[in-house]
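Participant: please find the sequence and the predicted model below.
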Amino acid sequence: MGPDAYNCWGLARSVRHEVYGLPLLPEYGRHVQASPQAQRDYRFQADLLEECRPEPGAIAAVFRGQLCIHVGVVIEVEGRLAVLETNQLSGCRWLRVPDFERRYLRVIYYRDRA
């Protein structure tokens, strides 16, 4: 999978690694949104990270109820924090953190454990 075919997780893991020098997180393959396998993979990965406030390189996990349905990655744009995301409807885009949070019901941010 490469830049022309990123899903939301692929984009987040690549930006964290290539832009911020963070460890390359595992590739879990393409999942149907909110599928049981996607939720198992989310829970496994979340247990290896820690919750945090938005910071460059953090994963922004979007929830509907208890289900993780989407992820983005926090970036810095002109000195302010934003979330870079991609999906089939909008394509790749960035939104300032407050705009991203208004768009979704619940967002939890994760970073690597110290």
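Facilitator: Okay, I see it. Residues are numbered from 1 along each chain as shown.
Participant: packing partners for the least confident helix or strand in the chain by mean pLDDT?
Facilitator: When each helix and strand of the chain is scored by mean pLDDT, DSSP states H and E, helix 36-48 comes last, with a mean of 78. Applying 3 or more Cβ pairs under 8 Å, 6 or more residues apart in numbering; DSSP states H and E, we find helix 36-48 packed against strand 67-77. Using the backbone N, CA and C atoms, a C-beta is placed for each residue, glycine as well.
Participant: then whichever helix or strand comes after the strand it packs on to PDB, C-alphas only?
Facilitator: On the C-terminal side of strand 67-77, the closest following helix or strand by DSSP states H and E is strand 80-87. Taking Å, rounded to 0.1, in the frame of the first residue of the first chain, the C-alpha atoms of strand 80-87 are listed here in PDB:
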ATOM      1  CA  ARG A  80      -1.200  25.200  14.900                       C
ATOM      2  CA  LEU A  81      -2.400  21.600  15.400                       C
ATOM      3  CA  ALA A  82      -4.500  19.900  12.800                       C
ATOM      4  CA  VAL A  83      -5.600  16.400  12.000                       C
ATOM      5  CA  LEU A  84      -4.700  14.900   8.600                       C
ATOM      6  CA  GLU A  85      -7.200  12.300   7.500                       C
ATOM      7  CA  THR A  86      -8.300  10.400   4.400                       C
ATOM      8  CA  ASN A  87     -11.600   8.800   3.400                       C
END
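Participant: which parts of strand 80-87 are buried?
Facilitator: For strand 80-87, a neighbour-count test (16 or more other Cβ atoms under 10 Å) marks 81-86 as buried.
Participant: mean confidence score for it?
Facilitator: For strand 80-87, mean pLDDT rounds to 96.
Participant: after that strand comes which helix or strand?
Facilitator: strand 91-96.
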